[in-house]
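*Asks:* Sequence and predicted model, in that order:
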Amino acid sequence: MNQPAVDCREVTLVYPLVRDRPGSFKEQVIRSLRRRVVVDELSAVSDLSLRVESGEVLGVIGDNGAGKSTLMKIMARVLPPTRGRVVVRGLVAPLIELGAGFNPELTATENVVLYGAILGRSPREMAGRADAIIDWAGLSEFADVAVRAFSSGMLARLGFSIVTDINPDVLLVDEILSVGDQSFREKSRERVGKVMGRGAATILVSHDMQMIEDLASRAIWLDRGRIRREGSPRTVIEAYTGGAG
Amino acid sequence: MTPVSHYDSDQPRRPVISEIANLRRYRGLLALLVRRDLTVRYKRSMLGVWWTLLNPLLTVAVMWAVFSTVFRFEIPGDVPYVVYVLSGVMLITFFSQGVVASGSSIVDSAGILSKVYVPAEVFAVAPALAALVNFGINILLLLVVQLIAGVGVPLTAWLAPVPLLFLAMFVAGLGMMVASLAVAYRDVLDIVGVLLTLAMYATPGFYPVTIIPDRFLYLVYMNPLYSYLEVFRGLIYGGSFAPGWMWAMMVITSGVALLGGAWTFSRSWRRLAVLV
């Protein structure tokens, strides 16, 4: 298959920014009677075109508010683009925020099954993989503990272990790897390599330049919703740190 | 289960059809969510899952005590008041719990829905199904009460799941409408709470319909919940079939609610992620 795993064509995403948005129905009624609902718009991503091929690791860097997370959500099909078109081929595994999708009252094993089901895998299949997933995350002795008691590092390891185990075609990782310690980073680099080797496309958002340089095969620098620079991780990072600092 | 294979933002979303397809595709998740609704609530309690059974049992005991000694209405037919009131209160409770639970589901699961793609309808339908399971347990208790109270269990009781199925559709449909609105306006849930209290008193659950003055009777007949309740009562203990127009009302309102709910859901889907 020569088609790219992720194909964004002139994608724009506009957030409606209602100045003091009416939070309740009552207010909406009152205000529309007075005709005073002001809607502004904020383009988080503007006319962005991007292709990510299978087997590629794309690093995404940029300042806060540059549209990195919005771009990830567009590719994760959480946010439909306002204009333009997004095509994503295959199973998408987003690891976007720590513990989103985890239920604090459930045990690690139960959460593996739940998270897998949320990503579209069958519970039976996930139950069979649970031991291996928890083992890789180094949490075997906590398999039956409610994740309420887990530290952020433990949650990150568990989440990363799940999304890389389900054989995604597109892996979206937003920032969260930076909570891991040195040994976890080593392991995760190996694991990302394996996922790549299976032909998945990985998109990695991070403020950690070292991590981008280590893991990514290509990088983009996002600036106010547009791609400012694109190329090898080293050149993009140099441009970014030089331009920003 | 076939994973979601392709995503194309230009592909139009077909209302109703895509909801049904999504529920089918994510049935594994749906089952998990229903189980979670039923068990997690009691996870940190001493008796654990037994509460799922014990809770309705205690509620029934309280209602039995209250309604067989304190409040007593004369009920048309040879049915003890306890059986009449239990069947009514159980059904109305299921209705309002289901609508509230599925109406608040999207706001409650905003954390997941704004980060990972999951069809939101799975989260909206799960609480309605969980309420249905609870109602099922309640019905078993009702049958026990019928035996103790000497009413017995007529043959038609086997058909009782039919009105329940329609009621579940009704609840899921209304729940989806409320859920879509609740994303945009947080006070919708409060308004719905008030309306449900009104529905509770407007439906002859614990009082006989005969106490309603004739000139207001049409209001009761216009209340769809009354049709569900009468059909259900006829089957579960009456050994009789409610009039045809009540069956028709039941079938039509549940169909309209479900289609309307799925349609509202489809329409508001694009706004959902941006707002939650």
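*Replies:* That came in fine, so what should we check first?

*Asks:* ok, how many other residues are close to residue 236?
*Replies:* Just so you know, I chose chain A. 25 (other Cβ atoms under 10 Å in any protein chain shown). To be clear about C-beta, it is placed using only N, CA and C from the backbone, and glycine gets the same treatment.

*Asks:* That was the other one, I meant chain B.
*Replies:* Count around residue B:236 with other Cβ under 10 Å applied: 26.

*Asks:* Residue B:174: what's it in contact with?
*Replies:* Applying Cβ atoms under 8 Å, 6 or more residues apart in numbering or on different chains to residue B:174 gives the contacts B:99, B:103, B:257, B:261.

*Asks:* what secondary structure does residue A:11 sit in?
*Replies:* Three-state assignment for residue A:11 (DSSP: H, G, I helix; E, B strand; the rest coil): strand.

*Asks:* Strands of chain A, start to end?
*Replies:* For chain A, applying DSSP state E gives strands covering A:6-18, A:39-52, A:57-62, A:83-89, A:92-95, A:170-174, A:201-205, A:218-223, A:226-231.

*Asks:* The helix or strand bottoming out on mean pLDDT in chain B: how far from the chain's middle?
*Replies:* Ranked by mean pLDDT, DSSP states H and E, the weakest helix or strand in chain B is helix B:50-65, scoring a mean of 75. Relative to its chain's centre, helix B:50-65 lies at 18 Å (Cα atoms, centre = their mean, to the nearest Å).

*Asks:* Can you list the buried residues in that helix?
*Replies:* Within helix B:50-65, the residues that qualify as buried are B:51, B:52, B:55, B:56, B:59, B:60, B:63, B:64, counting by 16 or more other Cβ atoms under 10 Å in any protein chain shown.

*Asks:* Kindly export that helix (C-alpha atoms) in PDB.
*Replies:* C-alpha atoms of helix B:50-65 as PDB (Å, rounded to 0.1, in the frame of the first residue of the first chain):
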ATOM      1  CA  TRP B  50     -24.600  -7.900  46.600                       C
ATOM      2  CA  TRP B  51     -25.900  -4.300  46.900                       C
ATOM      3  CA  THR B  52     -27.200  -4.700  43.300                       C
ATOM      4  CA  LEU B  53     -29.600  -7.200  44.700                       C
ATOM      5  CA  LEU B  54     -30.000  -5.900  48.300                       C
ATOM      6  CA  ASN B  55     -30.800  -2.300  47.200                       C
ATOM      7  CA  PRO B  56     -34.000  -3.100  45.400                       C
ATOM      8  CA  LEU B  57     -34.900  -5.700  48.100                       C
ATOM      9  CA  LEU B  58     -34.700  -3.000  50.800                       C
ATOM     10  CA  THR B  59     -36.600  -0.500  48.700                       C
ATOM     11  CA  VAL B  60     -39.400  -2.900  48.100                       C
ATOM     12  CA  ALA B  61     -39.500  -3.700  51.800                       C
ATOM     13  CA  VAL B  62     -39.800   0.000  52.700                       C
ATOM     14  CA  MET B  63     -42.500   0.600  50.000                       C
ATOM     15  CA  TRP B  64     -44.400  -2.500  51.200                       C
ATOM     16  CA  ALA B  65     -44.400  -1.300  54.800                       C
END
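
*Asks:* That helix and chain A in contact?
*Replies:* No: judged by Cβ under 8 Å from any Cβ of the partner chain, helix B:50-65 makes no contact with chain A; its nearest approach is 14.2 Å.

*Asks:* helices or strands up against that helix?
*Replies:* helix B:81-108, helix B:120-148 (3 or more Cβ pairs under 8 Å, 6 or more residues apart in numbering or on different chains; DSSP states H and E).

*Asks:* try 10 Å this time
*Replies:* helix B:27-39, helix B:81-108, helix B:120-148 (3 or more Cβ pairs under 10 Å, 6 or more residues apart in numbering or on different chains; DSSP states H and E).
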